[in-house]
Each structure stands twice: as C-alpha cells, then as structure tokens.
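Asks: Sequence and predicted structure, then a few things I'm wondering about:
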Amino acid sequence: MKDNENQRFSESLGNPKGFQRELITKSTSVDKILRLGVDCSRCGHCCRYGSGFLVPEDIPRIAKKFKLTKEELIKNCLEPVAKFNTTLHRPVTVKNGKKYGTCIFFNTQLGCTIHDVKPLHCKISSCNEYGEEISVWFHLNYFVNPNDPQSIREWKLYLDSGGKNIPGGTLQELVPNKEKLRKILSYEVLK
Ligand code: SF4
Ligand code: SF4
C-alpha cells in the first residue's frame, strides 16, 4: 500500500492527520502483531470477563505444561467456540452466577497462571490503539476460512452490519474469482 493510501486508511480509523501508524493487513506477520500487541498492562480485566482463543499451535504447548494429552486438555480445560463457521477452543470460564465468566487459568493474586504458554490470542489482545485491528487480523486469519462458503457468507454479514475490516479482508480479496464469489453469496455453492 502506498504512503497516501496508508495515511487515508489511518485517518479512516480516526487518527489525526499526520499520525504515523503501522499498517496492519490480513497478511501482517505474527511477529509484527506480537510487537504491536505487546503494550498490555496485564491488569487482568479481560481474563476476569472471558478468555482468549487458542490457535492449533497453542494446544500442544499448554497440554505439555500440565502433562496432559491434547485430548485431555480439551476435555478438562477448554470449551469450543464457533465463529464464521470455524470452531476454535478457549479456556473454560467460570461464571459463579455472574453474566461473564473468569478464565480458569486466571488467579486474582498471580494473574495468568500459564503466562509462559498462554494462547496467541491472549498475547496479542491489547487495549492500545492497534487493539481493534489486531482483533480483526486474528479473526481473518484464524476464523474466516476463504475455502468455506458458509464462512465467507458469515463474514459478509459481519461486514454488512458495519464490522471493522482491514486490508486483505474484503470479500473480493478473500475470494478473487468473481463468479465463485457470486455463487457463494447466492447460495449456489453450499460447501
Ligand atoms: S489486554 Fe487490556 S484488559 Fe487485558 S490484561 Fe491487557 S491491558 Fe488489561
Ligand atoms: S489464558 Fe491467561 S491471559 Fe488468557 S484469558 Fe486466561 S488468564 Fe487471561
């Protein structure tokens, strides 16, 4: 993306003219996202009211920490969550009668008890100025599946309802073949 396009995108996100911000696109590397998402005070607020999503590589690392098999970790500590027709897992949350549950790995004194192996989503969840784009980046890379017509249709619903997007996440970018995209959106292709 050229500088002036970058600037326009930055301003569309509400940043003042002249503010130089890093561009986040669907293809931004995990390393860069980790760098931009690092600004977290570890206040634990998000852990008290939810838990982060595990990407496939997170599961064996966390299972190893507890000397569990992947299956045992999933059965005893995780719960499935489906978004955009893709299912990932997240740590079970404990509600204790409240509306939102607390992550089972959160300790009020110690904070995250699996900090060394915590899920990618927890590592990049940030309350800084990149938080919203990083969240879109995560969903585009781990939930939205360009090879799954239903996932694309659900992403369209999200976009149509005013959902935030980043470069690389338009329907045309996800499914460049116009005819294929038309068939997906008109339900001529179901699977
Ligand atoms: S992401 Fe935000 S709410 Fe969560 S621990 Fe970090 S600063 Fe607190
Ligand atoms: S795994 Fe750790 S960082 Fe992630 S939600 Fe649970 S307590 Fe918070």
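Replies: Here it is on my side, so go on. Numbers count the residues shown, from 1 in each chain. Ligands and ions are numbered 1, 2, ... in the order given.
Asks: Around ligand 2, which positions in this structure sit nearby?
Replies: Counting by Cβ under 6 Å from any ligand atom, the positions of the chain adjacent to ligand 2 are Cys47, Ser51, Gly52, Pro91, Cys103, Phe105, Phe106, Cys112, Ile114, Lys118, Pro119, Cys122. Where C-beta positions appear, they are placed from N, C-alpha and C, glycine not excepted.
Asks: Go through those and flag which are in strands.
Replies: Pro91, Cys103, Phe106, Cys112 (DSSP state E).
Asks: Buried members of these into ChimeraX, please.
Replies: In ChimeraX, selecting the buried portion of these, with burial taken from 16 or more other Cβ atoms under 10 Å, looks like this:
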select :91,103,106,112
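Asks: of all the ones in strands among the residues of the chain next to ligand 2, which two lie farthest apart?
Replies: Longest distance between any two of those is 9.8 Å, between Pro91 and Cys112; criterion Cβ to Cβ.
Asks: quick one: common contacting residues for the two?
Replies: By Cβ atoms under 8 Å, 6 or more residues apart in numbering, Pro91 and Cys112 have these common neighbours: Cys103, Phe105.
Asks: got the residues of the chain next to ligand 2 as JSON lines, with pLDDT columns?
Replies: Shown next, in JSON lines, are the residues of the chain next to ligand 2 (pLDDT from 0 to 100):
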{"residue": "Cys47", "pLDDT": "95"}
{"residue": "Ser51", "pLDDT": "96"}
{"residue": "Gly52", "pLDDT": "96"}
{"residue": "Pro91", "pLDDT": "98"}
{"residue": "Cys103", "pLDDT": "97"}
{"residue": "Phe105", "pLDDT": "97"}
{"residue": "Phe106", "pLDDT": "97"}
{"residue": "Cys112", "pLDDT": "95"}
{"residue": "Ile114", "pLDDT": "96"}
{"residue": "Lys118", "pLDDT": "96"}
{"residue": "Pro119", "pLDDT": "96"}
{"residue": "Cys122", "pLDDT": "95"}
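Asks: Which of those sits closest to ligand 1?
Replies: Nearest to ligand 1 among those is Cys47, at 6.4 Å by Cβ to the nearest ligand atom.
Asks: so who does the spatially closest residue to the closest one that is not a sequence neighbour touch?
Replies: Excluding the flanking residues, the one nearest Cys47 by Cβ to Cβ, 6 or more residues apart in numbering is Phe106, at 4.0 Å. Neighbour list for Phe106: Gly44, Cys47, Arg48, Ser51, Cys112, Thr113 [criterion: Cβ under 8 Å, 6+ apart].
Asks: Likewise for Val81?
Replies: With Cβ under 8 Å, 6+ apart, Val81 has these contacts: Phe53, Thr87, Leu88, His89, Arg90.
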